[in-house]
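Trainee: 3D model of this:
(one chain, ligands or ions: 1)
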Amino acid sequence: MRKTEPIIVGTTGEILEGEAMLVPAATTGTVPITVFHTETGKFYALDDRCTHGAASLAEGFIEDDIIECPQHAARFCLRNGKVLSLPATVDASTHQVKIDGGDILVYVGVPVAKVADAE
Ligand code: FES
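Mentor: I've put the predicted structure just below:
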């Protein structure tokens, strides 16, 4: 079995709390992924594209461990990708994140373990 190796997408100092960083498909090798740094001090990664449309979640609004889509205001749990409000009905894909020293490592295509919703 092939082991999934993480990619280094940046350093923790590059994303302020409450901000997000878009990692392009050229870097992820798949689809664009957004890394979020919440005001609770956590880092999360979701597919960038909203499951409801074409909006970029990197442009959304972070509150606690929730991201709100900038286009129609669907909300997703950053912990597990679960959709929390309409109009989106499909969960967002998550990717495991690990902080190693100051580096942000993303395990592309490796979903987070089941965790409780942010609300
Ligand atoms: S595109 Fe995100 S809620 Fe519609």
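Trainee: Now for the residue nearest to residue 45 when sequence neighbours are not counted: which residues touch it?
Mentor: Nearest non-adjacent residue to residue 45, counting by Cβ to Cβ, 6 or more residues apart in numbering: residue 95, 4.1 Å away. For the C-beta atoms, the positions are set from N, CA and C on the backbone; glycine is no exception. Residue 95 sits next to 33, 45, 46, 47, 106, 107, 108, 109, 110, 111, 112 when contact means Cβ atoms under 8 Å, 6 or more residues apart in numbering.
Trainee: Bridging across strands, which residues link to the first one?
Mentor: Partner residues in beta bridges with residue 33, using DSSP bridges, are residue 23, residue 47.
Trainee: and it, how many neighbours?
Mentor: Residues near residue 33, counting by other Cβ atoms under 10 Å, number 28.
Trainee: Report the separation between it and the ligand.
Mentor: From residue 33 across to the ligand, the span is 16 Å (Cβ to the nearest ligand atom, to the nearest Å).
Trainee: Would you format the contacts of residue 95 as CSV with pLDDT and secondary structure included?
Mentor: Conversion of the contacts of residue 95 to CSV gives the following (pLDDT from 0 to 100; DSSP: H, G, I helix; E, B strand; the rest coil):
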residue, pLDDT, secondary structure
33, 98, strand
45, 98, strand
46, 98, strand
47, 98, strand
106, 97, strand
107, 96, strand
108, 95, coil
109, 93, coil
110, 93, coil
111, 92, coil
112, 91, coil
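Trainee: Closest one of those to residue 26?
Mentor: Set against residue 26, the nearest of the contacts of residue 95 by Cβ to Cβ is residue 33 (11.5 Å).
Trainee: Surely that closest one and residue 23 touch.
Mentor: Yes: here residue 33 reaches residue 23: they are 4.8 Å apart, a contact under Cβ atoms under 8 Å.
Trainee: what's near enough to touch the closest residue to residue 11 other than its chain neighbours?
Mentor: In this structure, residue 11 finds its nearest non-sequential neighbour in residue 102, 4.6 Å apart by Cβ to Cβ, 6+ apart. By Cβ under 8 Å, 6+ apart, the contact list for residue 102 reads 11, 12, 13.
Trainee: For the ligand, state which of those is nearest.
Mentor: Of all these, residue 12 has the smallest distance to the ligand: 27.2 Å, by Cβ to the nearest ligand atom.
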